[in-house]
Structures are given as structure tokens and as C-alpha cells.
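A.B. asks: What shape does this take:
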Amino acid sequence: MTSTFKMRTSTFALATLAACLALPLQAKTLVYCSEGSPENFTPAINTTGTSFDAARPVYDKLTEFTRGSTQVEPGLAQSWTVSPDAKVFTFKLRPGVKFHSGVGGFKPTRDFNADDVLFSFERQWKDDHPYAKVSGGKYDYFADMGLKDDVLSIEKLDPLTVRITLKKPNVTMLANLAMDFASIHSAEYADFLAKAGKKEQLDQVPVGTGPFSFVVYQKDAVIRYKANPAYWGEKALVDDLVFAITPDATARYSKLKAGECHFSVAPRPADLPEMEKDAALKVIHQPGLNVAYWAFNTQKPPLDKKEVRQALSMAIDKAAIIKDVYLGAGQAAKNLIPPTMWSYNEGVKDWPHDPAKAKELLAKAGVKTPLEIDLWYMPVQRPYNPNAKRIAEMMQADLAKIGVNAKLVSYEWGEYRKRMQQGEHMTGMLGWTGDNGDPDNFFFLHGCEAARPGGQNLSKWCNKEFDTRLNKARALADNKERTKLYQEMQAIEREEAPDFKIAHSVVYEVMRKEVSGYKQSPFGSHQFNGVELK
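C.D. replies: Residues are numbered from 1 along each chain as shown. Below is the predicted model:
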């Protein structure tokens, strides 16, 4: 949040927000107890679900996922054509779409058009774009998925037609463009801010075309949105949407019971039986399209040796973690993708829990014990990991048994993620929830593109055999051929052990009984248009 915006936020507005949370909920105000604060409100410069959720009410993409499914449907592009070689994508844009008005004093003078699409993508693609360096200038999704290098051209054919041409085929492109990083901004709003010398506000005071418009953000406390009556798609069925930022799971549960919020994420597994008995609450769940893992930074000796990584993998009692932390809401992971996803390699054998063998591998690798390492753990609950600190403590105890002393480390969530992507850690926990239903969206996490400083390959592992198959699969339309490549990649991952796969979790969400119309997303995202209070 920029200091300028904080100063301009009216006392009256903040007082109104406080009253909104303190008083009984009004029939037309939906309150979501979220688990963390966003880093900003521009998905292109984020990689966390917390920040994506905060931006999602405001923005649309060219393509969208049907709410509650992995099916791609028209968004700001009402139709498209794809060349037979999957290199050229031509989008017919939806006419008459309105941008939000009044945010930060901005009033649009035109409807959404091709200029907004070019602005949103060229900011991530062109280093000389006027907004390229704003807010740090890192576009991890765009770069890690190879689009920085793979895009050949982005052209405005007319005000409502855009053509994107790639250097090589990519059969995942339509689904990729439904992901949050591809959210469309207002080029006119960007010009308005540039003229006022306030470019950073583009990412802190968002303007989009989405079902809700942004009102105010009070850091670590609350975000408020209002319904967009001019929305082109499935409209908001409440007048106001409030994110009550509540990092502690017990506090979220208390607010739900007290009626201070309507919807909450990441409940403690231990609380689920009580929640399910409460007549005022409704618990929903589905297998998560996710994985929790412990990454080994392969650029830091002795973790550059696969025998050491294998040894650390064999030191950990995974079954105990699943039992004590997930409490039946997770299953042991052996591959990066969950078993519900096509191309899952059932034949891969998980590393057994074998401390004696782990000691032998360390000795074979020439490692003298005690070995000192760090073990980073997340400060927040995520859909794939209900209690990272507890898992870290259990790992620390297991590692001590093979002569490895692990120092536990954590940071504020945004800082944690940024430091890990820069590769400061030796070992660290994170995880992933799929964004588009395609295996490529998991496997790119081990691609060489994503191993760069700042990339999302937290093992910084670049294996040419793996990477060649990753890129080849993107060019194939036949899923049988892609499956063969992905299964080979899973076998390579197992042998090289760039990380220790912990679990695929069941994702639970809790709401009050009066909430109607909510659809649980396979991607772990949260979307509130079409949701009402009965």
C-alpha cells in the first residue's frame, strides 16, 4: 500500500469498515474470513493464492474457467480461433464492457478494447514498457511458463481483435490465459496514473472490469469491494464484499460461529468434526489439485548431490506427518501431480522411511555429520498444508536421528516467498495448487526457465532430460503422447529427488448455512459472484 494512498484514505471510510465488521452482518454484505494479506492487487506480479484471491473480484481475463470447474469458457474474449499448429491465437473481444469508475478519482472515457489487452501482456513481455519496472518489475508466471521468450508478437488487428503469435506450439495456451496472471488492466487508468506521477497505484488501487470494484484496503485488517452493476457476466448477488483478514485458523472459526463472517478457508483438521455437527455451518470438501513439498536447493552443497537429497528424503517419516498433521485430510505424495490428474505415474515408488539407509547414503556422498542445514517453513496455512511449523518440527526430529541439524526459519508470507524464489534457503517448504487443470502447470515448477533467480523452481534444479520432455509435451495435441513424456518426467524426478513430496490434501471450506450458490474451485481459488445470502 503506497503511503500516498494511505494518507488519502478517508477517516470516514475506515470508520465505516470497522463498523461493518463490528455490527451484525447486513443481508447484502458477504464477509469472507481470508487467511492472509495480499502483497498487492496485480496478479501478474504475484504467485500466491492469497494475493490472487484479493485481486480476483476486480479483474477478468480473455478466457475464464467456468465457476467450480476446469472448463475453459469465453471471458473478455467472446470467441477465438487457433491455428492448426497451435502457434497463432486470434481473439474477438467482447464489446460494450465497462471499466470500474471512481476508484482513485479515475473515470473511464471508453469501453474495454484491444489496447487494454496489449497493455496488460506487453507490461510482462517488453522490458521497455512504461510499466515494466513498476512495483519491482517481476512477472514470474509469464517468465517461468516460457512466455517471455516464446511470444513472437501481440497485435491489435482492430479495436476488438487481438492476435497472439508464439514461436513454438503451445496446446495449453487457452487454459493459461484463464489464469490470474493474465488479468486485464485498463490502459487508460495506467495513463491517468502516469500523468499524475502515481504509477505504483495501478498495483495497489486496482481498476478492472470484474463483478466487484475495489473500495479500500486496510493492511492486515480488511479489504472492501462493492458490486459492479454494469458487469457483463455472472453478477454479484450481494451489495458489498468484505475480506476480513484473519491469519489464525482458530480465530476464523470463532468469527464464523459468531456470525462475524460468512465464509472461511483452511480450517484446522482437528476442528472439522465439531464444525460438521454445527447446524449453523456448512462444510464442503473435495480432493485438492495440489501438492505440499520440501524443496532442496540444489545450488547449495552438499544438496547438489542427489545421494544427499535421497538421504534426506529417506530420513523423514511421511506416514507420521500424514497422520498427525493432516488427520485424514491428506494422502502421501510421491509425484508432483496428484493421482486425480491425467498422466499420473502410478509405477513410481516413493522413497521409504529408512534412517539407516539414509546414513549410508550420506557417508557414500562424503558428507560428515553432524551436517548443518536450514529448514524454512511457511507462516500461513495453505490448502495443501494445514500446519507447516508442526511438520517442520517433526522433520527436524527425524533429521537429527541421521546426524543432520536443521535450523527452523520463517518470515512474513510475502517475504518468505520472495526469499525462497531468490534461492536464499538450503531447504524449505512450499506447495502448489494447480491453476489450469493441465499437468504442465505442475511440471513447469521443475523446468529450467523457472530455476532462474526469482523463479518458482525452488529447488533451482535444471535437468536437461526433464526439460526437453517438458517443452516437447507443450507442442503435442495428443494427450497419449503427452502422458508418455510426463510419466518419464515423474521417473526422472523420483531418481533425482529435487524435493521431498509430502502430501496431496483434501481441501475443506466452511460457510454459514445462509450462504447459497458458492462453488468450490478445483484450483483452490475463491470466487463470490453468483453467491448470495438467503
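A.B. asks: Let me see the mean pLDDT of the longest helix along the chain.
C.D. replies: Using DSSP state H, we find that the single longest helix of the chain is helix 479-496. What helix 479-496 shows for mean pLDDT is 97.
A.B. asks: same check, this time on stretch 69-84
C.D. replies: The average pLDDT within stretch 69-84 is 96.
A.B. asks: Also stretch 515-523?
C.D. replies: For stretch 515-523, mean pLDDT is 96.
A.B. asks: And stretch 436-448, by the same measure?
C.D. replies: Stretch 436-448 shows a mean pLDDT of 96.
A.B. asks: Only C-alpha atoms, please: export it in CSV.
C.D. replies: The C-alpha coordinates for stretch 436-448 follow below in CSV (Å, rounded to 0.1, in the frame of the first residue of the first chain):
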residue,chain,number,x,y,z
ASN,A,436,-5.5,-24.7,-15.1
GLY,A,437,-6.1,-28.4,-14.8
ASP,A,438,-3.1,-29.3,-17.1
PRO,A,439,-0.1,-31.3,-15.9
ASP,A,440,2.2,-28.7,-17.5
ASN,A,441,1.0,-26.3,-14.8
PHE,A,442,2.7,-28.5,-12.2
PHE,A,443,5.8,-29.7,-14.1
PHE,A,444,6.9,-26.2,-15.1
LEU,A,445,7.8,-25.9,-11.4
HIS,A,446,10.8,-28.1,-12.2
GLY,A,447,11.6,-26.5,-15.6
CYS,A,448,14.9,-24.8,-16.3
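A.B. asks: which other helices and strands contact the longest helix of the chain?
C.D. replies: helix 306-315, helix 464-474 (3 or more CB pairs under 8 Å, 6 or more residues apart in numbering; DSSP states H and E). Every C-beta, even on glycine, is put in place using the N, C-alpha and C of the backbone.
A.B. asks: Need the residues that contact the shortest one.
C.D. replies: If you take CB atoms under 8 Å, 6 or more residues apart in numbering as the criterion, helix 306-315 is touched by 296, 298, 302-303, 351-355, 357-359, 361-362, 364-365, 367, 398-399, 401-402, 404, 427, 495-498, 500.
A.B. asks: Selection in PyMOL covering whichever of the residues you listed are buried, please.
C.D. replies: Buried residues within these, by 16 or more other CB atoms under 10 Å, are selected in PyMOL with:
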select buried, resi 296+298+302+303+351+353+355+357+358+359+361+362+365+367+398+399+402+404+427+496+497+498+500
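A.B. asks: Out of the contacts of helix 306-315, which sit inside strands?
C.D. replies: Among those, the ones falling in strands (DSSP state E) are Phe296, Val404, Thr427, Phe500.
A.B. asks: and those residues, which two are the farthest apart?
C.D. replies: Within those, Val404 and Phe500 form the most distant pair, 12.9 Å apart (CB to CB).
A.B. asks: mind listing what's buried in stretch 158-168?
C.D. replies: Quick answer for stretch 158-168 (16+ other CB under 10 Å): Leu160, Thr161, Val162, Arg163, Ile164, Leu166.
A.B. asks: what kind of secondary structure is the fifth one in?
C.D. replies: Spelled out, it's Ile164. What DSSP: H, G, I helix; E, B strand; the rest coil gives for Ile164 is strand.
A.B. asks: who are the neighbours in contact with it?
C.D. replies: By CB under 8 Å, 6+ apart, the contact list for Ile164 reads Val88, Phe89, Thr90, Phe91, Phe121, Val151, Ser153, Ile154, Glu155, Met173.
A.B. asks: Out of these, which end up buried?
C.D. replies: Among the contacts of Ile164, those classed as buried by 16+ other CB under 10 Å are Val88, Phe89, Thr90, Phe91, Phe121, Val151, Ile154, Met173.
A.B. asks: residue ranges with poor pLDDT in the chain?
C.D. replies: For the chain, applying pLDDT under 70 flags the ranges 1-27.
A.B. asks: List the neighbouring strands of whichever strand or helix holds Phe243 plus their orientation.
C.D. replies: Using DSSP states H and E, Phe243 sits within strand 240-245. Strand 240-245 has the following strand partners under DSSP bridges: strand 29-34 (parallel), strand 222-227 (antiparallel).
A.B. asks: Contacts for the helix or strand following the first one next, please.
C.D. replies: Tracing the chain past strand 29-34, the next element assigned as helix or strand by DSSP H and E is helix 49-55. Outside helix 49-55, the residues within contact range by CB under 8 Å, 6+ apart are 34-43, 46, 180, 183, 206, 223, 243, 380, 382-383, 413, 433, 524-526.
A.B. asks: One more pass at 7 Å, please.
C.D. replies: Residues outside helix 49-55 that contact it (CB atoms under 7 Å, 6 or more residues apart in numbering) are 34-36, 38-43, 46, 180, 183, 206, 223, 243, 413, 433, 524-526.
A.B. asks: Then stretch 335-354?
C.D. replies: With CB under 7 Å, 6+ apart as the criterion, stretch 335-354 contacts 287-291, 310, 313-314, 316-319, 332, 334, 439, 442-443, 445-446, 479, 482-483, 486-487, 490-491, 493-494, 501, 504.
A.B. asks: And stretch 472-490, by the same measure?
C.D. replies: 86, 168-172, 335, 342-343, 345, 348, 439-440, 443, 466, 469-470.
A.B. asks: filter those residues to the buried ones?
C.D. replies: Among those, those buried by neighbour count (16+ other CB under 10 Å) are 86, 169-172, 335, 343, 345, 439-440, 443, 466, 469-470.
A.B. asks: What separation is there between the closest residue to Ile492 other than its chain neighbours and Ile184?
C.D. replies: Residue nearest to Ile492 in three dimensions, not counting chain neighbours: Phe466, with 4.9 Å by CB to CB, 6 or more residues apart in numbering. Applying CB to CB, to the nearest Å, the value for Phe466 to Ile184 is 33 Å.
A.B. asks: do the same with Ala311
C.D. replies: As judged by CB to CB, Ala311 and Ile184 stand 48 Å apart.
A.B. asks: So for the two, which residue has more residues nearby?
C.D. replies: Counted by other CB atoms under 10 Å, Ala311 and Ile184 do not tie: Ala311 has more neighbours, with 29 against 25.
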